[in-house]
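*Asks:* Fold the following, please.
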Amino acid sequence: MGNHFLLCVVNLKKQQYCLWDSLPSCMKETEINQKLVDIMGALDVLFFDDGAAWFHDVSSFLAFEFNPTNDAPRQPNTWDCGMFVINWMKCGRSLNKKTAKCMGKR
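*Replies:* Residues are numbered from 1 along each chain as shown. The predicted structure follows:
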């Protein structure tokens, strides 16, 4: 998304998705929402266009509910967003909000 990294987390079981953003004031909400719709549409193309249903309980990713999260750790500067995304993918919710390091095992 330009010069800023975000993480879209898709929960197949709950059929929801959320956005983790360490610098939420960096982008316009309308731009982010459109990008999220584009991502969910791309998942439909990737997994359903060939006629095979990869996920039997999912008919369309575009039908998933957006579940906003406001508890993502915040970066202390304007350049660490990529490191936060990498740590989120590695740690999930076990990320320490102050140190941006994994807490315990997953």
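
*Asks:* any idea where the helices of the chain begin and end?
*Replies:* For the chain, the helices defined by DSSP state H occupy 29-48, 81-91.

*Asks:* Counting by contacts, list what the longest one packs against.
*Replies:* Here helix 29-48 touches strand 7-11, strand 16-20, going by 3 or more CB pairs under 8 Å, 6 or more residues apart in numbering; DSSP states H and E. The C-beta positions use only the backbone N, C-alpha and C, and glycine is treated the same way.

*Asks:* of the helices of the chain, which approaches Asn67 most closely?
*Replies:* Comparison of these against Asn67 by CB to CB identifies helix 29-48 as nearest, at 11.4 Å.

*Asks:* List of residues touching that closest one?
*Replies:* 1, 6, 8, 10, 17, 19, 21, 53-55, 58, 60-62, 64, 66 (CB atoms under 8 Å, 6 or more residues apart in numbering).

*Asks:* Determine which two of those residues are furthest apart.
*Replies:* Every pair of the contacts of helix 29-48 checked by CB to CB; the farthest is Asp21 and Ala53, at 31.1 Å.

*Asks:* Between those two, which is the more surrounded one?
*Replies:* Asp21 (24 against 11; other CB atoms under 10 Å).
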